[in-house]
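K.L.:
could you work out the structure for the sequence below:
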Amino acid sequence: MQIGIAGLGRMGAAMAARLMEVGHTVAVWNRTPEKAKPLTDAGAKFAATPEDLAEHSDAVITMLTDASAIDHVYNGENGLLAGDVTETLFIEMSTVRPEIPIALARVVRASGGRFVECTVGGTTGPARQGKLFGFMGADEGDADLARPILDQLCRRLEHVGAVGNGALAKFTINMPLMVYYQALGEALAMARPIGLEPERLLDMIADSSGGPNMMKTRAPTVARMMRGADTPVTFDLDGCMKDLASMQAEGKARGITLPLVQMTLACMEESASHGLGGKEAAMHSVYWAKK
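P.N.:
Residues are numbered from 1 along each chain as shown. You can find the predicted model right below:
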């Protein structure tokens, strides 16, 4: 299948590489073209504009920063919808508030295209291995079209209802994780007087009822960060704060009180003020542990 990828951040690039690996013909576009070079060197085609990308693709996946970027890429001059997109499948995978994909679905369908929202749980490693957790919001017919592609990116794919529900599902699974980063930092601070080696302490937490699933794989990385080692960024603290702010706004719009989200966001903003915004999200726990 001819698949276009718009947005070559860490996740978009990993998904593009995965789809090439499983046999798709992939074209890519990014606002800063130099980010496409590793993929074009591996055989991906480069599209000069989003319009060109859509014109030569059976399906287009978008993984973009925020609502403004989505609007520009879809609706801007030479955007994805500027040409004939009749029956083109668009799979929007960015993490934004539900109102964004709901509005976008109307515009895509009015242009003759098909639309699926699929937010995902997981970082670059699972994306590259096809082991993401997908939350698909779509009409049943559009969902059926998207499944063969998404099944190659996801270890588990859940159709959670209409467009917009995928965003809510992503907020639902990410909220406890982001709050946990703060809880872990405070727990590590509490443990300082014990004087245990970071590896041993993190292993104890991971093996306890206080250790969520992420600790089974991330505990050794957190231990290395506790010792001052640098680590590749899979999901940065700035991304956490963006998502928490979106959760907070969505809760307010729905009359839902989210005090832990509010406090976690404030604590992460403190970490970011010390230069950690672009660092791996778990560095927030390390900052708090050493505060």
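
K.L.:
which secondary structure element contains the residue nearest to G210 when sequence neighbours are not counted?
P.N.:
Excluding its sequence neighbours, the residue lying closest to G210 (CB to CB, 6 or more residues apart in numbering) is A187, at 7.4 Å. All C-beta atoms are positioned from the backbone trio N, CA, C, and that covers glycine. Here A187 sits within helix 165-190, counting by DSSP states H and E.

K.L.:
where along the stretch 101-250 of the chain do the helices fall?
P.N.:
124-129, 140-150, 165-190, 198-206, 213-226, 237-253 (DSSP state H, counting those that start in this stretch).

K.L.:
one step back: distance between the helix holding A187 and the chain's centre?
P.N.:
Remark: helix 165-190 is offset 14 Å from the chain centroid, using CA atoms, centre = their mean, to the nearest Å.

K.L.:
pLDDT averaged over it - what is it?
P.N.:
Mean per-residue pLDDT for helix 165-190: 97.

K.L.:
tell me what angle that helix forms with helix 198-206.
P.N.:
Relative orientation of helix 165-190 versus helix 198-206 (axes from the mean of the first three to the mean of the last three CA atoms, to 10 degrees): 130 degrees.

K.L.:
next, the buried residues of helix 165-190.
P.N.:
For helix 165-190, the neighbour count (16 or more other CB atoms under 10 Å) marks 165-171, 174-175, 177-185, 187-188 as buried.

K.L.:
one more: stretch 203-211?
P.N.:
Buried-residue list, stretch 203-211, by 16+ other CB under 10 Å: 203, 205-206, 211.

K.L.:
how about stretch 28-38?
P.N.:
Of the residues in stretch 28-38, 28-30, 35-36 count as buried by neighbour count, 16+ other CB under 10 Å.

K.L.:
a markdown table for the helices of the stretch 101-250 of the chain, including distance to M263?
P.N.:
Shown next, in a markdown table, are the helices of the stretch 101-250 of the chain (distance: least, CB to CB, whole Å):
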| stretch | distance to M263 |
| --- | --- |
| helix 124-129 | 28 |
| helix 140-150 | 35 |
| helix 165-190 | 7 |
| helix 198-206 | 21 |
| helix 213-226 | 20 |
| helix 237-253 | 10 |
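
K.L.:
can you tell me the element V60 falls in?
P.N.:
Per DSSP H and E: strand 59-62 holds V60.

K.L.:
can you name the element that comes right after that strand?
P.N.:
Downstream of strand 59-62, the first helix or strand assigned by DSSP H and E is helix 67-75.

K.L.:
average pLDDT for that next one?
P.N.:
Per-residue pLDDT over helix 67-75 has a mean of 97.

K.L.:
and that helix, what does it pack against?
P.N.:
Helix 67-75 is packed against strand 59-62, helix 99-110, with contacts defined by 3 or more CB pairs under 8 Å, 6 or more residues apart in numbering; DSSP states H and E.

K.L.:
what's the most buried one of those?
P.N.:
strand 59-62 (a mean of 25; mean count of other CB atoms under 10 Å).

K.L.:
quickly run through the sheet partners of that strand, with directions.
P.N.:
strand 2-6 (parallel), strand 89-92 (parallel) (DSSP bridges).

K.L.:
how about these, which one is nearest G278?
P.N.:
Closest of the strands paired with strand 59-62 to G278 is strand 2-6, at 22.7 Å (criterion: CB to CB).
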